[in-house]
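>>> Here you go, sequence then predicted model.
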Amino acid sequence: MNIITITICIIFLWFISQIKNSLFWLYLWQIKNYHIGRFNDHFRTKRGKNLFLNPFYLTKVFSLILFFIIPALPLILIVLEGLISLYKIIKRKITLPVFTKKIIGLFFVTIVCFVFLFKTLDYTVLYTFAWKLLLINILTPFIVSFLVLLFQPFTFILRSFILIKAKNKRKTLKDLIVIGITGSYGKSSTKEYLYTILSSKFKGVKKTQENNNSEIGISKYILENLNKEDKYFICEMGAYNKGGIKLLCNIADPQIGILTGINNQHLSTFGSQENIVKAKFELIDYVKDFAVLNWDNYLIKNFNISKKNIYKYSYLEKQDIYAKDIKTFKDHIEFNVCLKEEKEYFKINVLGQQNVSNLLGAIFVANKLGMSLKEISKACLEITEKQGGMTRINNFIDATYSSNANGIMAHLNFLKLWSGKKIIVMPCLIELQKESKRIHEEIGKKIAEICDLAIITTPDNFEDLKKYGKEKIIFENNPSKILKRLGRYTDKEDIILLESRVPEEIIKKIRK
């Protein structure tokens, strides 16, 4: 094999590695919503730190220094990483972002940048050429991040244009009633429940899709989907900073608000619990008609509310609307709803008592908009497991849609309905900052009380989780080993809870 052929092979394998690595870093920016605070917070975790402190990356760095002693080392590492990357691409084992227009544009610019850098290199001296290629490879995370941030001003201008356009369109929809829903948890379920209920009686009911609850997601939905024939728009609202909900209110202009609950979710980006509470109440301060609040949430209950037209829902005490006689079964829940002088029986095919709270908020709004409790009860028969965020597949419960401390506690309580072995598979929670240790200890205590086994897939707060259940709580991040262990639990009364972002291989296996 001559030198030209060797050089071509090296270049090919290097480009393969660059493509794979670039896609990963674009994926990471995307799942963090291009939010610098959330992106940086990822590197406080062990998984984030390991992106740079793993043996292979450190070997690549030191090989640049050892180049003068072992000139062939950079060349060997490029070939090795290229072959590994090629294998993973062929086997479809690489991490990919969702290919939105923004990602496609950033990926194209990234590849163009690497081509430009490559063309500046002199490849006549093979070992020196390999050293420079490896240097670019090592700097890939920083190059991709630089390009993402470089294009943020352009993104901001385009985003501002879309937001203004959406706001102007919203002003033309004078008859549209917008129901804003916010909270640290329960937003998506409440939105889905309310949509199903209202759609059973009214035409022209729209809702934001999945968890697209950001300013750009809401704005695009308004521009692409809403029209003058629409009557109701159920708008899920999420934010990572104080002022974020207020911005969404200025775009969607909700007349009605639902506050589902507040906890420590995204504490690292908000900065404090006080900021989280104030941010969620931005919706309540904005709405003109009325708002309904989860009065079972202590952070909401203890907030100084001066606004009028505030209603409360609860399943722990009598409020404007409340539930009683709650019965939880393996495949549904039953309860009675009390509102003013009315009482109505509800049977709904969702998993877990925690759904009662989210349902009460939706039921109250639907009633205020003209539906009787009897009509609402009938409509609720069309609600599905998936809308509640948990689905049961054989002896697995899939709760991987999202994760927060309140949800995990509720899901663990749901496992008590089974008499067999109880297993949970979950990663540690992120973006909790100073509250992380306390929250993980509380979850670990609940796991020790209910479960026979917990498999934790990320290492960050593993020791905190283990505090109350050392024998029951283990760390394992290898999907094959996890599946092998889970294969032991086949009795019909055994139940396995998959919580939050567990390895994709496990999800695919149970959904087959």
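Yes, it's here. Keep in mind it's a predicted model, so treat the numbers as computed, not measured. Numbers count the residues shown, from 1 in each chain.

>>> What's the separation between the residue positioned nearest the centre of the chain and residue 274?
Note on the chain: the residue nearest the mean C-alpha position is residue 402, at 5.0 Å, using Cα atoms, centre = their mean. The gap separating residue 402 from residue 274 is 24 Å, by Cβ to Cβ, to the nearest Å. For glycine as for every other residue, the C-beta is placed from the backbone atoms N, C-alpha and C.

>>> now residue 73
53 Å.

>>> Neighbour count: the two, which is higher?
More crowded of residue 73 and residue 274, by other Cβ atoms under 10 Å: residue 73, with 21 against 11.

>>> what's around the closest residue in space to the more buried one that isn't next to it in sequence, how many residues?
Distances taken as Cβ to Cβ, 6 or more residues apart in numbering put residue 63 closest to residue 73, at 4.3 Å, once the chain neighbours are dropped. Neighbour count of residue 63, defined by other Cβ under 10 Å: 22.

>>> element containing residue 63?
Taking DSSP states H and E as the criterion, the element that holds residue 63 is helix 55-65.

>>> Residue 22 now?
helix 3-31.

>>> which helices and strands does that helix pack with?
When contacts are defined as 3 or more Cβ pairs under 8 Å, 6 or more residues apart in numbering; DSSP states H and E, helix 3-31 packs onto helix 73-90, helix 101-119, helix 126-138, helix 140-150.

>>> how about CSV for the ones you listed, with mean pLDDT and distance to residue 337 added?
Below are these laid out as CSV (pLDDT from 0 to 100; distance: least, Cβ to Cβ, whole Å):
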stretch, mean pLDDT, distance to residue 337
helix 73-90, 95, 52
helix 101-119, 94, 44
helix 126-138, 93, 60
helix 140-150, 97, 48
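
>>> most neighbours per residue, which of those?
Each of the helices and strands packed on helix 3-31 was scored by mean neighbour count; the highest is helix 126-138, a mean of 19, by mean count of other Cβ atoms under 10 Å.

>>> Let's see it as CSV, backbone CA atoms only.
Provided in CSV are the C-alpha atoms of helix 126-138 (Å, rounded to 0.1, in the frame of the first residue of the first chain):
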residue,chain,number,x,y,z
LEU,A,126,2.3,11.9,7.1
TYR,A,127,3.1,12.0,10.8
THR,A,128,2.9,15.8,11.1
PHE,A,129,-0.3,15.7,9.1
ALA,A,130,-1.8,13.1,11.4
TRP,A,131,-0.8,15.2,14.5
LYS,A,132,-2.7,18.3,13.1
LEU,A,133,-5.7,16.1,12.2
LEU,A,134,-5.8,14.8,15.8
LEU,A,135,-5.5,18.3,17.2
ILE,A,136,-8.7,19.3,15.2
ASN,A,137,-10.4,16.1,16.5
ILE,A,138,-9.5,17.0,20.1
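
>>> next one: that helix to chain centre, how far?
37 Å (Cα atoms, centre = their mean, to the nearest Å).

>>> Return the list of helices and strands in contact with that helix.
helix 3-31, helix 55-65, helix 73-90, helix 101-119.

>>> can you rerun that using 6 Å?
helix 73-90 (3 or more Cβ pairs under 6 Å, 6 or more residues apart in numbering; DSSP states H and E).

>>> The helix it packs on versus helix 3-31: what angle between them?
Between helix 73-90 and helix 3-31, the angle comes out at 60 degrees (axes from the mean of the first three to the mean of the last three Cα atoms, to 10 degrees).

>>> what distance separates helix 73-90 from the middle of the whole chain?
On Cα atoms, centre = their mean, the centre of helix 73-90 falls 32 Å from that of its chain.

>>> One more: stretch 237-254?
Per Cα atoms, centre = their mean, the centroid offset for stretch 237-254 relative to its chain is 18 Å.

>>> what about that stretch, how long is it end to end?
11 Å (Cα to Cα, to the nearest Å).

>>> mind listing what's buried in that stretch?
237-242, 244-245, 247-249, 251-254 (16 or more other Cβ atoms under 10 Å).

>>> Confidence-wise, which of those residues comes last?
For the buried residues of stretch 237-254, the model is least confident at residue 240; its pLDDT is 80.

>>> quick one: secondary structure of that one?
Assigned by DSSP: H, G, I helix; E, B strand; the rest coil, the conformation of residue 240 is coil.

>>> Just give the nearest non-adjacent residue to it, would you?
What sits nearest to residue 240 in space, not counting adjacent residues and going by Cβ to Cβ, 6+ apart, is residue 269, at 4.2 Å.

>>> Quick one: neighbours of the one you found, just the number.
By other Cβ under 10 Å, 23 other residues sit near residue 269.

>>> cool, and residue 262?
24.

>>> Wasn't it part of a strand?
No. Applying three-state DSSP, one finds residue 262 to be coil, outside a strand.

>>> so where is the stretch 251-400 of the chain shaky, pLDDT-wise?
Counting by pLDDT under 70, the stretch 251-400 of the chain has low-confidence residues at 266-267.

>>> Can you show me the helices along it?
Listed in chain order, the helices of the stretch 251-400 of the chain (DSSP state H, counting those that start in this stretch) span 267-270, 273-286, 298-301, 355-368, 373-380.

>>> Which residues outside the fourth one are in contact with it?
In other words, helix 355-368. Residues outside helix 355-368 that contact it (Cβ atoms under 6 Å, 6 or more residues apart in numbering): 186, 189-190, 193-194, 197-198, 258, 292, 294, 313, 315, 321, 323, 326, 335, 376, 388.

>>> after the helix or strand hosting residue 498, next one along is what?
Secondary structure from DSSP H and E places residue 498 in strand 495-499. Sequence-wise, the next helix or strand downstream of strand 495-499 (DSSP H and E) is helix 504-511.

>>> List of residues touching that following helix?
By Cβ under 6 Å, 6+ apart, helix 504-511 touches 393, 396, 479.

>>> got a winner among the residues you listed for most neighbours?
Highest count within the contacts of helix 504-511 by other Cβ under 10 Å belongs to residue 396, 22 neighbours.

>>> Buried ones in the helix holding residue 22, by neighbour count?
Buried residues in helix 3-31, defined by neighbour count with 16+ other Cβ under 10 Å: 10-11, 13-30.

>>> any idea how the chain splits into domains?
Per the record, the chain has its domains at 3-150, 172-386, 391-511, by automatic domain parsing.

>>> could you dump those to a markdown table with distance to residue 159?
Below are these laid out as a markdown table (distance: least, Cβ to Cβ, whole Å):
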| stretch | distance to residue 159 |
| --- | --- |
| domain 3-150 | 10 |
| domain 172-386 | 6 |
| domain 391-511 | 23 |
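
>>> which residues touch residue 189?
By Cβ under 6 Å, 6+ apart, the residues touching residue 189 are 358, 388, 389.

>>> Now the phi/psi pair for the last one, please.
Main-chain torsions, residue 389, degrees, to the nearest 10: phi 90, psi -10.
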